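Novice: sequence unknown, structure follows:
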């Protein structure tokens, strides 16, 4: 899969990570939050994350 230069990602455990390039290979991602109201980065997640099989 080709990297998407619009989405940076350093989560190497994700199946959509472009390995050494530190980019996502998806065309778009879904970002979610933990609570109804969030005020910092720790309250958000990439809901498109899927763990690589090699990390199971």
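Specialist: Yes, it's here. Please read all numbers here as calculations on a predicted model, not as lab measurements. Residues are numbered from 1 along each chain as shown.
Novice: any idea which strand is longest in this structure?
Specialist: When the chain is parsed with DSSP state E, its longest strand is strand 4-8.
Novice: following it, which helix or strand comes up?
Specialist: Remark: after strand 4-8, the chain's next helix or strand is strand 23-24, criterion DSSP states H and E.
Novice: so what strands line up beside the helix or strand following that next one?
Specialist: Note on strand 23-24: by DSSP H and E, the next helix or strand toward the C-terminus is strand 31-33. Sheet neighbours of strand 31-33, with direction, are listed as strand 44-46 (antiparallel) (DSSP bridges).
Novice: just to revisit the earlier point, buried set for the longest strand of the chain?
Specialist: Neighbour-count burial for strand 4-8 flags 4, 7 (criterion: 16 or more other CB atoms under 10 Å). Where C-beta positions appear, they are placed from N, C-alpha and C, glycine not excepted.
Novice: who does it pair up with?
Specialist: strand 23-24 (antiparallel).
Novice: what's the average pLDDT for the partner strand?
Specialist: Averaged over strand 23-24, pLDDT sits at 98.
Novice: excluding its backbone neighbours, what's nearest residue 53?
Specialist: Leaving out its chain neighbours, the residue that sits closest to residue 53 by CB to CB, 6 or more residues apart in numbering is residue 15, at 7.5 Å.
Novice: Okay, now the unreliable bits of this protein?
Specialist: Scanning the chain for pLDDT under 70 picks out 55-56.
Novice: related to what we said a few turns ago, what comes into contact with the longest strand of the chain?
Specialist: 22-29 (CB atoms under 8 Å, 6 or more residues apart in numbering).
Novice: Kindly report the same for stretch 26-45.
Specialist: Here stretch 26-45 has contacts from 4, 7, 16, 46-48, using CB under 8 Å, 6+ apart.
Novice: Selecting buried members of the contacts of strand 4-8 in ChimeraX, what would you type?
Specialist: In ChimeraX syntax, the buried subset of these is picked out as below (16+ other CB under 10 Å):
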select :23,24,25,26
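Novice: can you redo the contacts of strand 4-8 as a markdown table with distance to residue 38?
Specialist: Formatted as a markdown table, the contacts of strand 4-8 follow (distance: CB to CB, whole Å):
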| residue | distance to residue 38 |
| --- | --- |
| 22 | 25 |
| 23 | 25 |
| 24 | 21 |
| 25 | 26 |
| 26 | 22 |
| 27 | 25 |
| 28 | 20 |
| 29 | 17 |
